[in-house]
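Prediction below, plus the sequence it came from.
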Amino acid sequence: MVISGMISMTEASDLREKLVTNRSIIQSTFCDIHHKPNTELLSELQLFLRKPIEKPLHIVHICSEMYPVASCGPLSAYVASLSCEIQKKANLVEVILPKYTSINLDGIHGLRRSEAEYESYFGGLWHKNKIWTGTSSGVGLVIIEPSQLSYFSRDMLRGYPDDFERFSYFSRASLDYIVKSGKRPDIIHIHNWETAIVAPLFWEIFAHQGLGNTRILLTCQDLNSECLEEPNKLEMCGLDPRKLHRPDRLQDTNKTHLVNILKGGIVYSNKVVLMSSTHSKDALIQGSRHELQSTLAAHREKILVASYGLDGELWDPFKDIYLPRRYSANDIEGKSICRQALRRRLRFNGDSSIIDVSVMIIQMSIVLKKQFMLLCTGILRSSSWKR
């Protein structure tokens, strides 16, 4: 471009320096440049580099599952896909998981146990934990294994009477690990009721332990799974029931003698993402199938609704040889044929109501990836949790 006179040597040098400094962001943003003329490419690069480039973020997920390491629902694919895509944007992403007996070791690269153990508080005692580290699809993993308790030495990931104890132990242990390892994440991303208690734990206990600039993001995929418990159980992980068993904190709206763990996550998080491909924010807030209407309405300004999407790299109906008829966005006739084949397989009669064929693999859409990065920027600009 210099030889052709499109830009001067000084301009080229400055442009080259910016490209090297921000090569990860440039690579993910301009992934298809081979067929673009120099004038168009130069214009796009100059426009892109005039914009202020956000500082890379350090994001830590605290969650109950991640594909393919531990999976029993849509959350696992969501965490895996989101983590990979956000890390491609030159951010640092880590995922903290419990060490289940059924964990898929084949899904972890470079798994190793740390020589050091650390202690976390639970039930009035300090318990030792083993730390395992590795990667999955390039995303860093931290796997916590209680040394003395058998909360995760079971066949299933969840579905036990003591699930609150299991996941509140894990949530508290995750925060203890973050502090004691010296990590200072920009965002701690928690998911569903299983790790929603991280939010009140963070602001009541951990925010003043070197994490004053960290913000909490809660993603909720199911408002009907809330986890109601006796208030005194909050003491197990170090929380004060007298302080939190209030209408504006964790007290359940209908069963006022209980605390609602998911409600606590909504109240204490800086931002809340509700996953839905069909409902608006108003419809979700006013939904009749859950009991969080008043809580969601009170915190409406920090709620974002995000839709599910499909990752074409993982599954593409135009390439699936097992479908009765392949289809694409440009040729959807095959979708109707697939629907009819499914109706016959399920033995629906001709008068039965129309069924929607959905793909049972949930992945991040391009829109949601952009929404998430904008949301992260908004969280970091927000103030700490308002009491």
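Cool, got the structure. Owing to the predicted nature of the structure, the values given are computational and were not obtained by experimental measurement. Numbering: from 1, shown residues only.

Please give the element, helix or strand, for the closest residue to residue 285 other than its chain neighbours.
Leaving out its chain neighbours, the residue that sits closest to residue 285 by C-beta to C-beta, 6 or more residues apart in numbering is residue 296, at 4.3 Å. (C-beta placed from N, C-alpha, C; glycine too.) According to DSSP states H and E, residue 296 maps onto helix 293-298.

Report all helices and strands that the helix or strand following that helix contacts.
Proceeding N to C from helix 293-298, the next assigned helix or strand is strand 303-306, under DSSP H and E. Packing partners of strand 303-306 (3 or more C-beta pairs under 8 Å, 6 or more residues apart in numbering; DSSP states H and E): strand 271-275, helix 281-285, helix 366-381.

Which of those has the lowest mean pLDDT?
Mean pLDDT across those is lowest at helix 366-381; the value there is a mean of 63.

residues near residue 211, how many?
By other C-beta atoms under 10 Å, 18 other residues sit near residue 211.

Report the separation between it and residue 113.
26 Å (C-beta to C-beta, to the nearest Å).

Ok, residue 182 next?
In terms of C-beta to C-beta, residue 182 sits 19 Å off from residue 113.

and if you look at residue 228?
From residue 228 to residue 113 the distance is 36 Å (C-beta to C-beta).

cool, residue 376 as well?
32 Å.

before we move on, what about residue 73?
28 Å.

More neighbours: residue 228 and residue 113, which one.
residue 228 (18 against 14).

What residues does residue 333 make contact with?
325, 327 (C-beta atoms under 8 Å, 6 or more residues apart in numbering).

Is there a neighbour count for residue 80? I'd like the number.
Around residue 80 there are 25 residues (other C-beta under 10 Å).

right, and it touches residue 137 too?
Yes: the pair residue 80 and residue 137 qualifies as a contact (C-beta atoms under 8 Å) at a distance of 6.8 Å.

Please, where are all the strands along the chain?
Assigned by DSSP state E, the strands in the chain fall at 58-62, 92-98, 109-113, 118-122, 125-136, 139-146, 187-191, 215-220, 228-229, 259-260, 271-275, 303-306.

Now the top helix by length along the chain: buried residues?
Taking DSSP state H as the criterion, the chain has its longest helix at helix 163-180. Neighbour-count burial for helix 163-180 flags 163-179 (criterion: 16 or more other C-beta atoms under 10 Å).

Repeat that for stretch 278-288.
284-285, 287.

what does stretch 255-267 give?
Quick answer for stretch 255-267 (16+ other C-beta under 10 Å): 258-267.

And stretch 114-127, by the same measure?
For stretch 114-127, a neighbour-count test (16+ other C-beta under 10 Å) marks 118, 120-122, 127 as buried.

now do stretch 290-309
Buried, per 16+ other C-beta under 10 Å, within stretch 290-309: 290-292, 295-296, 299, 302-306, 308-309.

where's the dip in pLDDT among these?
Among those, residue 309 has the weakest pLDDT, 61.
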